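J.: Just a sequence and a predicted model for now, questions to come.
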Amino acid sequence: MTIPIIIKLLSSLVLIIILNRVTKRLPLALLGGAVFFAVWIGLGPLGILEVAGTSLFNWNTVGLVALVSSVILLSMQMSETAMVQELVASIRSAFSPRASLAVIPAVIGLLPMPGGALFSAPLLDNFDDLQGINPNTKTSINYWFRHVWEFAWPLYPGVIVACDIAGIELWQMLVYGLPLSFVSIVAGYFFFLKQIGTSHSTSIKVQKFSFVPFLPVFTVIVLYGLLQFIAPAMGDFNQYLPMVIGLFASLVVLQVLRPLTLDTWVKMLISPRIFKMLLIILMVRVYGAFIATEINGVSVVQSMANEMQHFGIPSLPLIMALPFLTGMTMGVAVGFAGTAMPVVVALMGPDPNFGVLIGTVIFAYVSGFMGTMLSPLHVCMIVTSEYYKTDLIRSYRPMVIPAVFMILVAFGYMQVLSIIV
């Protein structure tokens with residue numbers, strides 16, 4: 001009896017989840033699942049090395065490594081220079097207390113810092129005299145608004161990996177994914193902010209608004225946009241190059257504004273955070289390369305599409321459930337993006353039109369990320385709950401209805417994009 005490739009692929013996904021739970025080493029789990037899948041579809045040792053080598057040693061991989069490294073460096077640099085604290089002070093001077101409750105974690109969320117919710121959690125303690133504020137509401141507000149940009153923001157490794165696997169430009173994910181971020185903000189208002197009073201907090205020291213703390217983030221955005229407009233060939237050479245240049249410029253701007261010592265730079269450059277994330281990214285590329293390879297002249301993707309058509313298996317439930325369950329199990333966006341997204345892309349079959357592709361990827365990404373938001377392994381919830389001394393299980397309960405709401409909206413949005421784009 002011939003085992004369908006979809007079963008082999010799903011089995012490799014289950015193996016990755018199990019290995020990650022047992023070893024607590026996602027790069028090792030990804031490597032194990034990739035090799036397991038490669039061997040099962042008939043690749044020998046030389047074939048495995050050839051496919052893996054081709055996926056790792058190319059300019060796109062170099063660009064991806066440079067991009068992820070630069071993102072992490074910028075977040076560490078802003079933390080080391082206290083630029084984030086200055087940014088928050090400016091926000092407080094420009095918004096009402098209730099709006100600031102959302103804006104502070106949302107702005108911190110523009111920087112993809114692992115466990116970054118712990119950075120913004122203490123800042124919400126300045127609003128304790130507002131009516132309706134308590135540790136549970138602060139936990140929900142900090143956790144939700146910290147992640148409103150993760151559906152589209154091109155600095156997040158999960159978004160980068162998803163775009164790389166699906167063959168979507170980062171700017172396209174930003175343009176088409178941003179409406180989901182706005183929906184998330186609206187959902188956060190109705191589910192979490194609306195119950196908070198509007199009186200001013202006497203504990204906040206009003207300071208003059210300053211644009212300076214926003215310069216590093218805006219440098220990346222503006223320069224990336226300009227390069228896409230005036231030098232589109234740069235993106236054709238390497239799709240990550242414009243963003244890498246923008247990030248490098250931001251690092252330079254921040255160094256000029258707030259110089260760090262050579263010792264501090266060395267400490268940041270050899271940070272385990274960078275190497276761990278790079279290992280994850282590289283293993284994701286290897287896993288995706290095995291899914292994209294050909295066996296007996298037929299691509300794995302095409303074989304899978306043929307099997308599904310033959311057995312009449314609906315793809316939609318898998319497109320939602322796989323990322324959601326993987327995200328809930330791993331608790332990190334890059335985990336579900338790297339493991340479930342190749343399956344999602346494969347389920348669409350060869351050469352889907354762009355509307356179907358972008359709509360399905362966004363739906364799958366929102367489903368997966370809502371899984372991470374409900375995951376007991378999500379570092380941001382763990383550190384936020386620990387800081388506010390709230391019960392971890394009870395802290396997740398307010399997230400369930402907004403998460404379901406986001407998935408339903410993303411499903412409808414997918415239908416719209418598949419028709420009009």
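T.: Right, received. Where do you want to start? Residues are numbered from 1 along each chain as shown.
J.: When you work out contacts or count neighbours from here on, use the C-alpha atoms and nothing else.
T.: Will do.
J.: need the strands for the stretch 201-350 of the chain, in chain order.
T.: Taking DSSP state E, counting those that start in this stretch as the criterion, the stretch 201-350 of the chain carries its strands at 294-295, 298-299.
J.: Mean neighbour count and mean pLDDT for those - can I get that in JSON lines?
T.: Converted to JSON lines, those look like this (neighbours: other Cα atoms under 10 Å; pLDDT from 0 to 100):
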{"stretch": "strand 294-295", "mean neighbour count": "14", "mean pLDDT": "79"}
{"stretch": "strand 298-299", "mean neighbour count": "13", "mean pLDDT": "72"}
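J.: possible to save those strands as JSON lines with distance to F37?
T.: Output for the strands of the stretch 201-350 of the chain, formatted as JSON lines (distance: least, Cα to Cα, whole Å):
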{"stretch": "strand 294-295", "distance to F37": "12"}
{"stretch": "strand 298-299", "distance to F37": "14"}
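J.: Just give me the neighbour total for F95.
T.: Neighbourhood size, F95 [other Cα atoms under 10 Å]: 14.
J.: Phi first, then psi, for it.
T.: Phi and psi for F95, reported as degrees, to the nearest 10, are phi -130, psi 160.
J.: how about low-confidence regions in the chain?
T.: 1, 112-119, 126, 128-129, 198-207, 235-236, 301-302, 305, 308-309, 377 (pLDDT under 70).
J.: tell me what the helix of greatest length in it is packed against?
T.: In the chain, assigned by DSSP state H, the helix with the most residues is helix 392-420. Judged by 3 or more Cα pairs under 8 Å, 6 or more residues apart in numbering; DSSP states H and E, the packing partners of helix 392-420 are helix 135-145, helix 170-188, helix 354-373, helix 379-388.
J.: winner for burial among these?
T.: Ranked by average neighbour count under the criterion mean count of other Cα atoms under 10 Å, these are headed by helix 354-373 at a mean of 26.
J.: how much does that one deviate in direction from helix 379-388?
T.: Going by axes from the mean of the first three to the mean of the last three Cα atoms, to 10 degrees, helix 354-373 is angled at 30 degrees with respect to helix 379-388.
J.: what's the distance between helix 354-373 and the middle of its chain?
T.: 11 Å (Cα atoms, centre = their mean, to the nearest Å).
J.: How about stretch 393-410?
T.: 18 Å.
J.: Same question for stretch 232-250.
T.: Computed by Cα atoms, centre = their mean, the separation of stretch 232-250 from the middle of its chain amounts to 19 Å.
J.: Start and end of it, how far apart?
T.: 20 Å (Cα to Cα, to the nearest Å).
J.: Just the C-alpha atoms of stretch 217-224, please, in PDB.
T.: Backbone C-alpha positions of stretch 217-224 (Å, rounded to 0.1, in the frame of the first residue of the first chain) are rendered in PDB as follows:
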ATOM      1  CA  VAL A 217      11.700  52.700  13.400                       C
ATOM      2  CA  PHE A 218      10.700  55.400  10.800                       C
ATOM      3  CA  THR A 219      14.200  55.200   9.300                       C
ATOM      4  CA  VAL A 220      13.600  51.600   8.400                       C
ATOM      5  CA  ILE A 221      10.100  52.200   7.000                       C
ATOM      6  CA  VAL A 222      10.900  55.300   5.000                       C
ATOM      7  CA  LEU A 223      14.200  54.000   3.500                       C
ATOM      8  CA  TYR A 224      12.600  50.600   2.600                       C
END
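J.: Select, out of the helices and strands packed on helix 392-420, the one closest to S96.
T.: Smallest distance to S96 across those (Cα to Cα): 15.3 Å, for helix 135-145.
J.: Burial check on A106, number of neighbours?
T.: 23.
J.: coming back round to it: I313: which of the helices and strands packed on helix 392-420 is closest?
T.: Relative to I313, the nearest member of the helices and strands packed on helix 392-420 by Cα to Cα is helix 354-373, separated by 17.0 Å.
J.: Determine the set of other helices and strands touching that closest one.
T.: Packing partners of helix 354-373 (3+ Cα pairs under 8 Å, 6+ apart): helix 157-166, helix 170-188, helix 316-330, helix 333-339, helix 341-347, helix 392-420.
J.: can you redo those as a markdown table with distance to G44?
T.: Converted to a markdown table, the helices and strands packed on helix 354-373 look like this (distance: least, Cα to Cα, whole Å):
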| stretch | distance to G44 |
| --- | --- |
| helix 157-166 | 24 |
| helix 170-188 | 35 |
| helix 316-330 | 28 |
| helix 333-339 | 22 |
| helix 341-347 | 22 |
| helix 392-420 | 39 |
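J.: Out of those, which one sits most buried?
T.: helix 333-339 (a mean of 29).
J.: center of this structure, which residue is that?
T.: G158 (3.1 Å; Cα atoms, centre = their mean).
J.: quick one on the thing from earlier: run the chain-centre distance for the longest helix of the chain.
T.: 16 Å.
J.: And for stretch 18-32?
T.: 19 Å.
J.: What of stretch 273-287?
T.: 14 Å.
J.: which residues touch that stretch?
T.: The list of residues contacting stretch 273-287 from outside it, by Cα atoms under 8 Å, 6 or more residues apart in numbering, reads 26-27, 30-31, 33-34, 51-52, 55-56, 61, 65, 68-69, 72-73, 161, 165, 334, 338-339.
J.: Same question for stretch 345-364.
T.: Residues contacting stretch 345-364 (Cα under 8 Å, 6+ apart): 151, 162, 165-166, 168, 173, 176-177, 301-302, 304-305, 315, 319-320, 323-324, 341, 344, 407, 410-411, 413-421.
J.: got the CA positions of that stretch in CSV?
T.: The C-alpha trace of stretch 345-364 is given here as CSV (Å, rounded to 0.1, in the frame of the first residue of the first chain):
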residue,chain,number,x,y,z
VAL,A,345,1.2,26.5,0.4
ALA,A,346,1.3,22.9,-0.8
LEU,A,347,-2.5,22.6,-0.2
MET,A,348,-3.2,25.4,-2.6
GLY,A,349,-1.7,23.4,-5.4
PRO,A,350,0.8,24.7,-8.1
ASP,A,351,0.6,28.3,-9.3
PRO,A,352,-2.5,29.7,-7.4
ASN,A,353,-3.5,33.2,-8.5
PHE,A,354,-2.2,36.0,-6.3
GLY,A,355,-5.6,36.8,-4.7
VAL,A,356,-5.9,33.1,-3.5
LEU,A,357,-2.3,33.0,-2.4
ILE,A,358,-2.2,36.2,-0.3
GLY,A,359,-5.7,35.6,1.1
THR,A,360,-4.9,32.0,2.1
VAL,A,361,-1.5,32.8,3.6
ILE,A,362,-3.1,35.7,5.7
PHE,A,363,-5.9,33.4,6.9
ALA,A,364,-3.4,30.7,7.8
